[in-house]
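Chemist: how would this look folded up:
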Amino acid sequence: MSDTISLTGLRVRGFHGVFDFERREGQDFVVDVVLELSTAAAAASDDIVDTVHYGELAEGLAAVVAGEPVNLLETLVARLADACLADARVDAATVTVHKPQAPIPLTFGDVAVTIRRAR
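Modeler: Residues are numbered from 1 along each chain as shown. Modelled structure (predicted):
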């Protein structure tokens, strides 16, 4: 059995992309994560130390997005999944990174890459 903790719509400024202007000017990225884990210990103890602290999770993910630039969303989303799985209690993580200001010369609703990684 696996429970989930979700964090959606985390908006962070990053400097990722293949074009020089993306790395120079930056843009907002939006991150959604779903962690699969057991929340039974936290439910029984009612203590935050027995679960993934979603505030700390958000800060860690934001540090990755605001950190070292990469060319591809695929690379960024993989780094974020690794950050989620750094907590041994997490069995799997599904991570989506949206790039709402992607340099596409057409009208579009969203560009996103989603991956799921498990232990």
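
Chemist: start from the N-terminal end of the protein and give the strands.
Modeler: 3-14, 27-37, 92-98, 112-118 (DSSP state E).

Chemist: please identify the buried residues of the last one?
Modeler: Residues of strand 112-118 classed as buried by neighbour count (16 or more other CB atoms under 10 Å): 112-113, 117. No exception for glycine: its C-beta is placed from N, CA and C like everyone else's.

Chemist: who's in contact with it?
Modeler: 36, 73-74, 76-78, 81-82, 84-85, 91-99 (CB atoms under 8 Å, 6 or more residues apart in numbering).

Chemist: per-residue confidence averaged over stretch 33-50?
Modeler: Taken as a whole, stretch 33-50 has a mean pLDDT of 97.

Chemist: just stretch 8-26 next, same as before
Modeler: 96.

Chemist: dump the buried residues of strand 112-118 to TSV, plus pLDDT and distance to D20.
Modeler: What follows is these, written out as TSV (pLDDT from 0 to 100; distance: CB to CB, whole Å):
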residue	pLDDT	distance to D20
A112	98	23
V113	98	21
R117	98	31
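
Chemist: dump the residues you listed to JSON lines, plus distance to A58.
Modeler: Below are the buried residues of strand 112-118 laid out as JSON lines (distance: CB to CB, whole Å):
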{"residue": "A112", "distance to A58": "18"}
{"residue": "V113", "distance to A58": "19"}
{"residue": "R117", "distance to A58": "19"}
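
Chemist: quick one: which of these is nearest T51?
Modeler: Nearest to T51, judged by CB to CB, of those is R117 at 19.7 Å.
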